[in-house]
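**Q** What would the 3D arrangement of this be:
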Amino acid sequence: MSKIKLFSGSSNGELAQLIASHLGIQLGKTKAAKFSNLETSVEILESVRGDDVFIIQSGCGAVNDNIMELLIMISACKGASAARVTAVIPCYPYARQNSKDKSRAPITAKLVANMLGVAGADHIITVDLHASQIQGFFNIPVDNLYAEPVILKWIKENIPNWQKAVLVSPDAGGTKRVTSLSDGLDLDFALIHQEKGQGNIKASIVLVGDVADKISIMVDDMADTCGTICRAAAKLQEAGSSKIYAILTHGILSGKGISRINASCIETVGVTNSIPQGGHIQECARVKCIDISLMLAEAVRRTHNGESISQLFTNGGF
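**A** Numbering: from 1, shown residues only. Model prediction:
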């Protein structure tokens, strides 16, 4: 793979290294630091003139600093005459702020898209956008990969007797995702509808579907403080589910997230490494990592070679 350069931001160096290993190349050399006034400083320490550049940076951790670092890296590479710059953003930042749900509310996901375009990004690769319409916020190509093939493989390899399971969406918004997975595994599915009371407080939880004496596998794209999945797990246990698993594409697990999982009835929480999970795994033995580096590496390879990546929507690079 000639004329390709792969750089990593500060947010997820482990994932970037795995992607580089799959591609058989070395990560490009960079230097990131902070000035005394906390401004971000980034140096690209090798030539990118005429190269196809890929920059890996997730929207996690110190999100605002990581966004700024990504923008600076994109701008630096474009200014150094890179032929093309692709931002590989496994977890897109501010994805939950994707619509104007009340007066004077910002659509921050659109703002991030604008900034990436102005910085000089030519192409975006991301995974399981919280809302598909975010792709329309860009004036450049966006490839929104699906973690579904990787999740299907993980379920078959890590959940005993998965053939007797039922897939569950912990909220109404994830229904399409769960029905697609249920088709892939030939399993039944159920839905938990969490009605909101005053002040956005959950007033009641309604389970639609039969989970009695069955293994329940909840699937969601994102979990932050884990209130939704833990309430859903309690409802599934109340309905007679024998074992309860949760699978999340983006396991943010901030705030009380880990403590809620530890106190819940969930057997295992499978999370992809779109966000670094080492600290979460140390704090909670129930958290298990689902590796998506091969899928992202294949997306990078196919993009570089001008090949279609639509096959990754069904096989995840396997």
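
**Q** Using the three-state scheme, assign Gln235.
**A** Slight slip there: residue 235 is Lys, not Gln. helix (DSSP: H, G, I helix; E, B strand; the rest coil).

**Q** Ok, Gly270 next?
**A** Gly270 ends up strand, using three-state DSSP.

**Q** tell me which element the closest residue to it other than its chain neighbours is part of?
**A** Sequence neighbours aside, Ile247 is the residue nearest to Gly270 in space, at 4.3 Å (criterion: C-beta to C-beta, 6 or more residues apart in numbering). Heads up, the C-betas are built off the backbone N, CA and C, glycines and all. Using DSSP states H and E, Ile247 sits in strand 243-251.

**Q** next one: Pro106
**A** Here Pro106, judged by DSSP H and E, is contained in no helix and no strand.

**Q** on that earlier part again, in its sheet, what does the strand holding Ile247 sit against?
**A** strand 215-223 (parallel), strand 268-272 (parallel) (DSSP bridges).

**Q** wait, which of these is closest to Glu157?
**A** strand 268-272 (10.6 Å; C-beta to C-beta).

**Q** Tell me where the protein is predicted with low confidence.
**A** Residues of the chain meeting the criterion pLDDT under 70: 1, 196-203, 317-318.

**Q** counting residues per helix, which one in it is longest?
**A** Longest helix in the chain by number of residues, with DSSP state H as the criterion: helix 63-79.

**Q** List the buried residues of it.
**A** Using 16 or more other C-beta atoms under 10 Å as the burial criterion, the residues of helix 63-79 that qualify are 63, 65-78.

**Q** Spit out the contact partners of Lys110.
**A** Asn98, Ile134, Phe137 (C-beta atoms under 8 Å, 6 or more residues apart in numbering).

**Q** Let's see that with 10 Å instead.
**A** Residues near Lys110 by C-beta atoms under 10 Å, 6 or more residues apart in numbering: Tyr94, Gln97, Asn98, Ser99, Lys100, Gln133, Ile134, Gly136, Phe137, Phe138.

**Q** again with Lys156
**A** By C-beta under 10 Å, 6+ apart, the contact set of Lys156 is Trp162, Gln163, Leu185.

**Q** Would you confirm that Ile266 contacts Arg231?
**A** No - assessed by C-beta atoms under 10 Å, Ile266 is found out of contact with Arg231, at 11.4 Å.

**Q** Next, the angle from the host helix or strand of Cys230 to strand 215-223.
**A** Following DSSP H and E, one finds Cys230 within helix 227-238. With axes from the mean of the first three to the mean of the last three C-alpha atoms, to 10 degrees applied, the angle from helix 227-238 to strand 215-223 works out at 170 degrees.

**Q** do you know how far the most far-flung residue of the chain relative to its centre is from Met73?
**A** No residue in the chain sits farther from the centre than Ser36, which is 32.4 Å out by C-alpha atoms, centre = their mean. Here Ser36 is placed at a distance of 21 Å from Met73 (C-beta to C-beta, to the nearest Å).

**Q** ok now do the nearest residue to Gly174 once chain neighbours are set aside, which residues does it touch?
**A** Nearest residue to Gly174 in three dimensions, chain neighbours excluded: Asp220, at 5.3 Å (C-beta to C-beta, 6+ apart). Shown in contact with Asp220 (C-beta under 10 Å, 6+ apart): 128, 168-171, 173-174, 177-178, 226, 228-229, 232, 246-251.

**Q** Alright, that wraps it up for me.
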